[in-house]
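Novice: Provided below for reference: sequence and predicted model.
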Amino acid sequence: FWTIPFLGNLHFNVILGNGSLYGTHPFHWYWTAGVPAIAGVMLPFWVASFPLPFGGGTRTKPTKVKGPTDTVASNSKEGESLENDNHKEEGLLSWKSTLWWIILPYATLHSFSAHKEFRFMMPILPLICLLAGYQMSIWIASAGEPHDGQQDDDVHGCPKPGHRRAILLGFFLFVLNIPHLLFLSLFHQ
């Protein structure tokens, strides 16, 4: 087993049960502390991206938000609908559901090991970022369209509602990450 690291780790930590020599946590730790810690400020958006059962899509239905699997027809003009037109939003096999079906078993199966660390959840962080980012784009797009005759800026020079939400979201994501950045760059090296 020692020539293949994965099998060596599996044998030593799981089969022989020696992983608990390095510390233990309760079964629920990844769901109550591990995954929320790595998701950080994206946690509310990630949780909101959870697909509802029985083909209900998500809690908020986007009208023209591009997802990672959407493509724009090469001869389409600006303002036309997407070629896929969000048809992958429905059902249990949408790209969001697929990502959730990767994240849920990954964290749950790791929960069976007594020894738990934040770093064991890092492989699912990009998937969490994809889901949270898509949900953020839905939140920004749901701000509403400007009123008739309203241009990019209203009479007082304020940006459109979607732009305001994007600026507000960017500001809060930046501000909420400053303590983490300071801690990790100054104290935890």
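Specialist: Nice, thanks for sending it over.
Novice: and after whichever helix or strand residue 36 is part of, which helix or strand comes next?
Specialist: In this structure, residue 36 is located in helix 35-39 according to DSSP states H and E. With elements assigned by DSSP H and E, the helix or strand that comes after helix 35-39 is helix 43-48.
Novice: what are the buried residues along the helix or strand just after that following helix?
Specialist: Remark: after helix 43-48, the chain's next helix or strand is helix 95-111, criterion DSSP H and E. For helix 95-111, the neighbour count (16 or more other C-beta atoms under 10 Å) marks 95, 96, 97, 99, 100, 103, 106, 107, 110, 111 as buried. C-beta here means a position set from N, CA and C on the backbone, and glycine is covered the same way.
Novice: and those residues, which is closest to residue 168?
Specialist: residue 96 (24.2 Å; C-beta to C-beta).
Novice: now for the buried residues of helix 95-111: which two are most distant?
Specialist: Counting by C-beta to C-beta, the most remote pair of those is 95 and 111, 25.0 Å apart.
Novice: got the CA positions of the helix or strand bottoming out on mean pLDDT in the chain in PDB?
Specialist: Lowest on mean pLDDT, DSSP states H and E among the helices and strands of the chain sits helix 5-9, with a mean of 86. Coordinates of each C-alpha in helix 5-9 appear next as PDB, following Å, rounded to 0.1, in the frame of the first residue of the first chain:
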ATOM      1  CA  PRO A   5      -0.200   7.300  -1.300                       C
ATOM      2  CA  PHE A   6      -4.000   7.200  -1.500                       C
ATOM      3  CA  LEU A   7      -4.200   3.500  -0.500                       C
ATOM      4  CA  GLY A   8      -1.500   4.000   2.100                       C
ATOM      5  CA  ASN A   9      -3.500   6.800   3.700                       C
END
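Novice: dihedrals phi and psi, residue 26?
Specialist: phi -70, psi 170 (degrees, to the nearest 10).
Novice: just give the number of residues close to it.
Specialist: 11 (other C-beta atoms under 10 Å).
Novice: from residue 34, how far off is it?
Specialist: 11 Å (C-beta to C-beta, to the nearest Å).
Novice: now swap in residue 16 and tell me
Specialist: 23 Å.
Novice: neighbour-wise, which of these two wins?
Specialist: Between residue 16 and residue 34, counting by other C-beta under 10 Å, residue 34 is the more crowded of the two (21 against 9).
Novice: hmm, the more buried one is touching residue 121, no?
Specialist: Yes - using C-beta atoms under 8 Å, residue 34 is in contact with residue 121, at 5.0 Å.
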